[in-house]
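**Q** After the sequence you'll find the predicted model.
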Amino acid sequence: MGVGGATSAAGPQLAEAHRKLLADRSFQFDFAQPPPPPKPPPHWLQRLLEILAPYLTYIFWGLVILAGALVLAFLIREVLRVRWNRRAKAVKAGEAPVVDWRPKEARARLLLAEADALAAKGLYGEAAHHLLLHSIQDVEDHRPRAIRPALTSRDIARLEAIPEQPKAAFTRIAELVEHSFFGGEMMGADGFAEARKSYEAFAFEGAW
């Protein structure tokens, strides 16, 4: 059989294969029709965008600032939470930080100078009473809710909020003032000197 006979025999087979190929819907042969255009946004959305268009820059930066503020607030909250947990653990373990109760040194020295001026006039009881009143004020400054109005000097001396060594100094001042100022006993220079020394132990660093 010649070449011409083979071509004639293959013709119907090629035609049948081409017909099947065209009938297969998984293939696309017609690209003449473009895809349909997207639907326009609704009218209300177009109108809203037109109104907001001049302010979009401000809206964008406002959202950026708001996001930054939220991140900052989250970080601050986490830092506070970590510190609170550490403090709670320290308190639970009996390792709470020691509170510095000492009044400012300049204030304490000024108070001593005022008491010395009273003592120089022979008013030793008044001078010791002056030291006691300011010692109570020192406690109130550091523990506003520790002292109630009805508490006496003895009651204050028993407060657990005051550390032990300063408490002993305060107690001695209160005893001296109670015997002189409230008990009617005259206080001399020696009594004031002891009250003054006790206030120094209460106010300055030595006993703390």
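**A** Everything's here; your move. Everything numeric here is computed off the predicted structure, so don't read it as measured data. Residues are numbered from 1 along each chain as shown.

**Q** Look up the pLDDT of the spatially most central residue of the chain for me, please.
**A** Per C-alpha atoms, centre = their mean, the C-alpha nearest to the average position across the chain is that of L80, at 4.7 Å. L80 carries a pLDDT value of 87.

**Q** Could you do K197 as well?
**A** 90.

**Q** tell me which element it is part of?
**A** helix 189-203 (DSSP states H and E).

**Q** buried sites along that helix?
**A** For helix 189-203, the neighbour count (16 or more other C-beta atoms under 10 Å) marks G191, F192, E194, A195, R196, S198, Y199, E200, A201, F202, A203 as buried. Every residue, glycine included, has its C-beta placed from N, CA and C.

**Q** what's the spacing between it and its chain's center?
**A** In this view, helix 189-203 has its centroid 41 Å away from the chain centroid, taken as C-alpha atoms, centre = their mean, to the nearest Å.

**Q** Give me the packing partners of it, helices and strands only.
**A** Applying 3 or more C-beta pairs under 8 Å, 6 or more residues apart in numbering; DSSP states H and E, we find helix 189-203 packed against helix 105-120, helix 124-142, helix 164-177.

**Q** Next, count neighbours for A115.
**A** Around A115 there are 23 other residues, counting by other C-beta atoms under 10 Å.

**Q** element containing L72, please.
**A** helix 56-92.

**Q** From the chain's centroid, how far away is that helix?
**A** 10 Å.

**Q** again, but for stretch 151-159
**A** That offset, for stretch 151-159, works out to 34 Å (C-alpha atoms, centre = their mean).

**Q** Next, the distance between the ends of that stretch.
**A** Across stretch 151-159, the terminal residues are separated by 10 Å (C-alpha to C-alpha, to the nearest Å).

**Q** quick one: buried residues of it?
**A** S153, I156, A157.

**Q** could I get these as CSV with secondary structure, distance to L72 and pLDDT?
**A** CSV is the format used below for these (DSSP: H, G, I helix; E, B strand; the rest coil; distance: C-beta to C-beta, whole Å; pLDDT from 0 to 100):
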residue, secondary structure, distance to L72, pLDDT
S153, helix, 49, 76
I156, helix, 44, 79
A157, helix, 47, 75
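
**Q** Out of these, flag the one nearest to A169.
**A** Using C-beta to C-beta, the shortest approach to A169 within those belongs to A157, at 9.8 Å.

**Q** Show me how this structure divides into domains.
**A** As recorded under automatic domain parsing, the domains making up the chain are 43-92, 105-207.

**Q** quick one on the thing from earlier: which of the buried residues of helix 189-203 sits closest to P54?
**A** A203 (66.3 Å).

**Q** Brilliant, that's me finished.
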